[in-house]
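S.K.: The sequence and its predicted three-dimensional model are supplied below.
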Amino acid sequence: MRPLGQTRPLLAYGVPAAAGLAIGGALSAQGEDPGSAILGGAAAALGARGGLGAARLAGKYAPNIVAAAQEKAVIPLGNIVGDIARNIPTESKVRSKVAGKAADIIAAAEGAAITPGAQQLVGKLSAGLGVPAAAGLGGLGGVALGAIPGALGVPGFQQGMGIDPEAPGSSNTTNAKYGVSSYATTQYV
């Protein structure tokens with residue numbers, strides 16, 4: 001396993017770039033304005049990069065997480081199962097079967113250790129699940145961020161920017177220049 005400061009360039013830059021292009025392209029294909037699609041793609045790339053960093057940390061600290069889970073959850077659960085088993089009558093068949101199986105499972109969980117292979121598996125699983133989720137949330141945040149310049153009227157962040165200067169009601173028509181009202185302007189008066 002590589003040290004925390006060393007990464008593979010294809011993984012460190014390629015995956016976030018691919019996520020940014022995919023999310024940006026999907027946003028553009030869904031009719032999002034160009035500025036929001038670009039912001040969404042950029043935020044998705046940043047989210048994917050953050051997801052890779054989180055996956056690396058999850059793989060690195062997997063033994064500590066397992067030890068904390070054993071201390072906080074598995075051992076107290078074993079105590080609860082033991083207490084319940086003590087309250088079941090001794091001659092009961094349920095006590096010997098269920099309590100014995102539960103004790104075996106809890107003993108296996110208490111003795112579980114994270115091997116280097118399992119540690120890498122935790123990192124790969126968290127990358128496989130966390131990176132797409134982080135990229136999607138980043139893209140959603142980028143679209144939300146693009147709504148701010150869109151509300152301010154910044155070009156490139158608005159839907160339907162095409163305006164026909166010769167359309168009825170426009171100030172560029174011949175009638176508008178001479179003050180003649182058209183049907184389009186008189187119907188709402």
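M.R.: Perfect, thanks for sending it.
S.K.: Which residues are in contact with the residue lying closest to Pro34 once chain neighbours are set aside?
M.R.: Nearest-residue entry for Pro34: Gly156, 5.3 Å, with adjacent residues in sequence omitted and distances by CB to CB, 6 or more residues apart in numbering. Bear in mind the C-beta positions are built from the backbone N, C-alpha and C, glycine included. Residues in contact with Gly156 (CB atoms under 8 Å, 6 or more residues apart in numbering) are 33-35, 149.
S.K.: same thing but at 10 Å, please
M.R.: Residues in contact with Gly156 (CB atoms under 10 Å, 6 or more residues apart in numbering) are 33-38, 146, 149-150.
S.K.: what about this structure, any weak spots by pLDDT?
M.R.: 1-7, 95, 99, 109-114, 160-189 (pLDDT under 70).
S.K.: Domain ranges for it, per the record?
M.R.: The record's domain split for the chain, according to automatic domain parsing, is 9-158, 164-189.
S.K.: all helices of this structure, in order?
M.R.: 9, 15-29, 34-60, 62-69, 75-87, 93-110, 116-152, 174-178, 183-186 (DSSP state H).
S.K.: would TSV of those helices with mean neighbour count be doable?
M.R.: Output for the helices of the chain, formatted as TSV (neighbours: other CB atoms under 10 Å):
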stretch	mean neighbour count
helix 9	7
helix 15-29	19
helix 34-60	22
helix 62-69	14
helix 75-87	13
helix 93-110	13
helix 116-152	17
helix 174-178	10
helix 183-186	10
